[in-house]
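Engineer: With the sequence up front, the predicted model follows.
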Amino acid sequence: MISLPTRYRRWLGPVLGPRTTKTLPTQVEGAVREQENRGEVLAKIIQLVIAAVWGALYLLSPQVRNVDIVFIPYAVGTYMVVNGILLFWATRRRLPNWAVYGSIVFDMTLLYVVIWGFHVLLDQPPSFYLKAPTMTFVFVFIVLRALRFDPRFVLVSGAAAVLGWLVIVGYAILGDPAGPRFARDFIEYSTGNAILPGAELEKILAMVLVTITLAVALYRGRALLISSTTETMAARRLSRFFDSSVVEDIRSGENGILPGEGRACEAAILNVDIRGFSRLIENLPPSEAIEMLTDYQRRVVPIIQAEGGVIDKFMGDGIMATFGAVRPSETYAADALRAMEAIMADAELWDVHAHLAQLARCGLGLSVSAGPIIFGAVGDGDRMEVTVIGATVNLGAKLEKANKIFQSQAIATRAAFDTAVSQGFVATRTPDFVEADLDGLASGLKLAVWMRAKD
């Protein structure tokens, strides 16, 4: 990547945009290079198409046999072979910079050989090829270098184009045995084989301007590519710590999630816990305890997410998930109860897994509460956490602990159960409906209780 001195950055900063860091994280650099190589593959495909068009035009044009050797088809054929090899190379691994630079010089050289060959093929003075329409492909070759998102290759391509055209013009002036003939106006230039210096200067100036414009655009575009790649990878890493729905809300929200802001909504809270987990791991090596916990979470979390749940937090062996908080839902209670039943059904299959079998013998405790909650972000701006608060959240936590009292596997409030049924939920296991007085809760609380399946 081109790095400008500080004194130039001060002048050109508003034009070039934010400066990219010289040292990129390995993953970001690898992703950027992968994008560059894909651009190189695309460039080679386009170049092969161009060569095929040249070949077709040559075959369809009237054939002139004024020379012993017609080298244009050989030049086009060589061009296709070399670019075919480079295309094969690029599809297998990233092309090194020296190969790209060599390809640029080779492309421009072959292009100018084809242009130069027109006066030989048609037996015209050298100045004749200065008006060959094939010259417009010079700009195509410069533009193709932009596909790599690196201004260095555009600058080299532009320099090769300018240098090559100067050689072409020089040969037209010095290579005519009859001596050069310069035109005085555009009409004379257009209708004869005279050289119009102003026209050639305009072509060179156009090459320079196209090259500089593309280089500046790529300098800015590369910074955006690196920024976008860095943000995408940061989001992927972030999604390992936050639920993917929360990450997507942070990325796509117009205002983002700001500390101190919140919104009230109707939602359901699902709590999942393992009975006696702390006692189970007392004598286990730390790595085995964490591995056991990870196996359990890998099993339960996808079930919750499949029903539209969002993981709010992991609390040791406890999992708290929300339905309808991050994203409003008209079936939040039904989704939560479906997830609860799916987890209970899945737990019956854990015996085949060594770690999960131990957890299955301990037993799961689940709870669902539904009602009004407040969803928002807390923190100091540098360190934030999205969370849910309210009586519904507190009730869900207390219900989960009540499984010990009832010796049950899952508990939901009767209000949450009835709401879920009205939202289309059909229970696969019929719960017991009871009224209970629980510490810290209102007396006569109506509950739906799912007892643990008999062994």
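Structural biologist: Sure, I can see it.

Engineer: could you dump stretch 292-306 to PDB, C-alpha only?
Structural biologist: What follows is stretch 292-306, C-alpha atoms only, in PDB (Å, rounded to 0.1, in the frame of the first residue of the first chain):
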ATOM      1  CA  MET A 292     -18.700 -30.200  29.800                       C
ATOM      2  CA  LEU A 293     -20.300 -26.800  30.100                       C
ATOM      3  CA  THR A 294     -19.400 -26.000  26.400                       C
ATOM      4  CA  ASP A 295     -21.000 -29.300  25.200                       C
ATOM      5  CA  TYR A 296     -24.200 -28.400  27.100                       C
ATOM      6  CA  GLN A 297     -24.300 -24.900  25.700                       C
ATOM      7  CA  ARG A 298     -23.600 -26.100  22.100                       C
ATOM      8  CA  ARG A 299     -26.600 -28.400  22.500                       C
ATOM      9  CA  VAL A 300     -29.100 -26.000  24.000                       C
ATOM     10  CA  VAL A 301     -28.300 -22.600  22.400                       C
ATOM     11  CA  PRO A 302     -29.100 -23.700  18.800                       C
ATOM     12  CA  ILE A 303     -32.500 -25.000  20.000                       C
ATOM     13  CA  ILE A 304     -33.300 -21.600  21.600                       C
ATOM     14  CA  GLN A 305     -32.100 -19.700  18.500                       C
ATOM     15  CA  ALA A 306     -34.100 -22.000  16.200                       C
END
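
Engineer: what does it rub up against?
Structural biologist: 243-244, 270, 272, 274, 281, 284, 311, 314, 316-317, 319, 321, 339, 342-343, 346, 350, 353, 355-356, 358-359 (Cβ atoms under 8 Å, 6 or more residues apart in numbering). Where you see a C-beta, it was placed from the backbone N, CA and C, and this is true even at glycine.

Engineer: Now, of those, which are buried?
Structural biologist: Burial by neighbour count, 16 or more other Cβ atoms under 10 Å: within these this picks out 243, 270, 272, 274, 281, 311, 317, 319, 321, 339, 342-343, 346, 350, 355-356, 358-359.

Engineer: circling back: which of the contacts of stretch 292-306 fall in strands?
Structural biologist: 270, 272, 274, 311, 314, 319, 321 (DSSP state E).

Engineer: Just put those in TSV and tack on distance to residue 46 and pLDDT.
Structural biologist: Listed next are the ones in strands among the contacts of stretch 292-306 as TSV, based on distance: Cβ to Cβ, whole Å; pLDDT from 0 to 100:
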residue	distance to residue 46	pLDDT
270	54	95
272	55	94
274	59	89
311	46	87
314	50	86
319	52	92
321	50	92
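
Engineer: Which of those sits closest to residue 263?
Structural biologist: Nearest to residue 263 out of the ones in strands among the contacts of stretch 292-306 is residue 321 (Cβ to Cβ; 18.4 Å).

Engineer: Can you verify my assumption that the closest one contacts residue 310?
Structural biologist: Yes - using Cβ atoms under 8 Å, residue 321 is in contact with residue 310, at 6.3 Å.

Engineer: and stretch 286-295, what's its mean pLDDT?
Structural biologist: Stretch 286-295 shows a mean pLDDT of 88 in the predicted model.

Engineer: do stretch 170-182 as well
Structural biologist: 77.

Engineer: which residues are in contact with the host helix or strand of residue 336?
Structural biologist: Per DSSP states H and E, residue 336 falls inside helix 332-347. Here helix 332-347 makes contact (Cβ under 8 Å, 6+ apart) with 266-270, 272, 299-300, 303-304, 306-309, 321, 323-324, 329, 360, 364, 366, 368, 370, 409-410, 412, 416-417, 419-421, 423-425, 427-429, 450, 453.
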